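Peer 1: I would like the atomic coordinates for the input below:
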Amino acid sequence: MVACDPRVDQEDTYLMDGVTDIHDPRVVHTQVNSTYDGDDQGVTPYDYGNISDTSTSGADLGTGVYVDAHDTTYPHDNIDGGIFLTDLPAVSQVRNGSGTPSSCSQFVYGNLSQYNTSPDVPGITQAQTHTVGGTSGCADSSNLITVLHSYDTSGNLVSSTDGDTHLGCTIGSSSYSACATYDASTYDTHIVGAANALNQQAGSVYDPGSAGGFGQWLTSLTDV
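Peer 2: Here you go, the predicted structure:
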């Protein structure tokens, strides 16, 4: 048999514990089914390979009972424009067998203000989690815990604000829960400073000379 599609759509696990027949009622059987590109929004149907559903059922859960992890994406497919962001989740939910969400989160990218818009950059600037599950709870924007992120022009994460808005470290005149600075001499690839909401700071030093691997080796670390 030749498989035309190499992606796994069903995985079965059997806990035998000495039993030799997988159909024995003492065997714990778990089945995981995956569905692809079932909730790609804003585009014509296309095979991006996004896992939209992962359903888990098992003999120990009971007949007809399963847990479903569901992702919604808004692919941005613009090859001529140099943008191919097709696998970034916009909404993630965990649902019961009836399709009712027990948890739900949504993600906003770049300078966008809404999760249900195709992203232009891959960095998450707002990660929002609902405190109330259920169909009505996940649709209510008033029960969101929001975590904020910002990035520099190289795409490095430079600041975060947690869901309780703990502020302490600063970048310019603004305060954040976490801050980071990067070494410009190595193309902003190494963190040289980090601070938390209590403004407790840590610093790293890289030597641009041959003794320091021309800026690639960590030569000292300070934790205050």
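Peer 1: Low-confidence ranges, the chain, go.
Peer 2: Along the chain, the parts satisfying pLDDT under 70 run over 1-4, 60-65.
Peer 1: Which residue lies nearest the spatial centre of it?
Peer 2: For the chain, the residue nearest the mean C-alpha position is residue 89 (7.3 Å; C-alpha atoms, centre = their mean).
Peer 1: was I right about residue 10 contacting residue 35?
Peer 2: No - using C-beta atoms under 8 Å, residue 10 makes no contact with residue 35, being 10.5 Å away. From N, CA and C alone the C-beta is placed, and that goes for glycine too.
Peer 1: related to what we said a few turns ago, next up, the contacts around the residue nearest to the centre of the chain.
Peer 2: By C-beta atoms under 8 Å, 6 or more residues apart in numbering, the contact list for residue 89 reads 71, 72, 73, 107.
Peer 1: The first one: how many residues sit nearby?
Peer 2: Using other C-beta atoms under 10 Å, residue 71 has 19 neighbouring residues.
Peer 1: cool, and the third one?
Peer 2: Residue 73 is surrounded by 25 other residues when neighbours are defined as other C-beta under 10 Å.
Peer 1: Quick one: the helices in this protein, in order.
Peer 2: Along the chain, counting by DSSP state H, helices occupy 134-137.
Peer 1: Was I right to think residue 95 contacts residue 68?
Peer 2: Yes - under the criterion of C-beta under 8 Å, residue 95 makes contact with residue 68 at 4.4 Å.
Peer 1: just to revisit the earlier point, can you add distance to residue 21 and give the contacts of residue 89 back as TSV?
Peer 2: Shown next, in TSV, are the contacts of residue 89 (distance: C-beta to C-beta, whole Å):
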residue	distance to residue 21
71	37
72	41
73	41
107	45
